[in-house]
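Visitor: A predicted structure for the sequence below; I have some questions about it.
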Amino acid sequence: MTSKLGHGSDLKTKFIAMLRSLLLLFIVFSTGNGVPKADIDLRCQHGWTHFETRCYKFFSQSATWLAAERNCIDQHANLASVHKEEENSFLMGLLPSPTTRCWIGVQDAVEEGEWLWSDGTNYDYDNWCTGEPNNLNVENCGEINWTSDECWNDSTCTNPKGYICATRSEMDWPTDPE
């Protein structure tokens, strides 16, 4: 009977030690120590970056403006719309290099000179480069980072380039990874 008590005592000691370890792990992870904040941010789908109320992702594979918008829609998103300078700067930070050009969701294909966002939001901010948009060679779609000025250019919609998608944060994400 003594050996059974000794065995039970060992189990109790191991159990308490395990609980202490779990408690310590809980404290460390719940305070954010040891885990980068981005890794525990569940507002965006894996691989997307959160900014204010939306999630963004740069896609490097080249696509026409329309194909890029369709690819964004497949991701439950649209090509990114930009509504203020801070958001424009944030998007520039997603690009892999200062010379990368990519599609955003602005276009005037319906009526020349009437710029609209593909996500239906108000066209309330722009950052066109000097002399742009100029509609040279029937340019109806917008690209960012056209120059070192981090401004926008109108481009021919069939030119393939990378793109940035945006979607609202905290939505019900599909469980399948891309």
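Guide: Done, it's in. Numbering: from 1, shown residues only.
Visitor: how about the one residue sitting closest to the centre of the chain, what does it touch?
Guide: Ranked by distance to the mean C-alpha position of the chain (CA atoms, centre = their mean), the top residue is Tyr56 at 1.7 Å. Applying CB atoms under 8 Å, 6 or more residues apart in numbering, we find Tyr56 in contact with 48-50, 80, 90-91, 94, 164-166. C-beta here means a position set from N, CA and C on the backbone, and glycine is covered the same way.
Visitor: swap in Cys55?
Guide: 43-45, 48-49, 77, 166-169.
Visitor: rerun at 7 Å
Guide: 43-45, 48-49, 166-167, 169 (CB atoms under 7 Å, 6 or more residues apart in numbering).
Visitor: Which parts of this structure belong to which domain?
Guide: Domain ranges of the chain: 2-36, 49-168, per automatic domain parsing.
Visitor: Whichever strand or helix holds Glu143 pairs with which strands, and in what direction?
Guide: Using DSSP states H and E, the element containing Glu143 is strand 141-144. On the basis of DSSP bridges, the sheet neighbours of strand 141-144 come out as strand 102-107 (antiparallel), strand 152-155 (antiparallel).
Visitor: This structure: strands as residue ranges?
Guide: Ranges of strands within the chain are 49-51, 54-63, 78-79, 102-107, 116-117, 141-144, 152-155, 161-168, based on DSSP state E.
Visitor: List the contacts of the last one.
Guide: Strand 161-168 has contacts (CB under 7 Å, 6+ apart) with 53-63, 68, 72, 75-81, 91, 94, 100-104, 143.
Visitor: Also the first one?
Guide: Strand 49-51 is contacted from outside by 41, 43-44, 55-57, 87, 90, 94, 169, using CB under 7 Å, 6+ apart.
Visitor: Distance to Thr147 and pLDDT added to those, as TSV?
Guide: Listed next are the contacts of strand 49-51 as TSV, based on distance: CB to CB, whole Å; pLDDT from 0 to 100:
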residue	distance to Thr147	pLDDT
Asp41	32	54
Arg43	32	83
Cys44	29	91
Cys55	27	97
Tyr56	21	97
Lys57	24	98
Glu87	19	97
Phe90	18	96
Leu94	17	95
Ser169	30	86
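Visitor: Find the pair from these with maximum spatial separation.
Guide: By the measure CB to CB, Asp41 and Glu87 form the most distant pair in the contacts of strand 49-51, at 17.9 Å.
Visitor: Show me what counts as buried in stretch 107-116.
Guide: Of the residues in stretch 107-116, 107-108, 115-116 count as buried by neighbour count, 16 or more other CB atoms under 10 Å.
Visitor: Among the residues you listed, which one lies nearest to Thr130?
Guide: Trp115 (16.9 Å).
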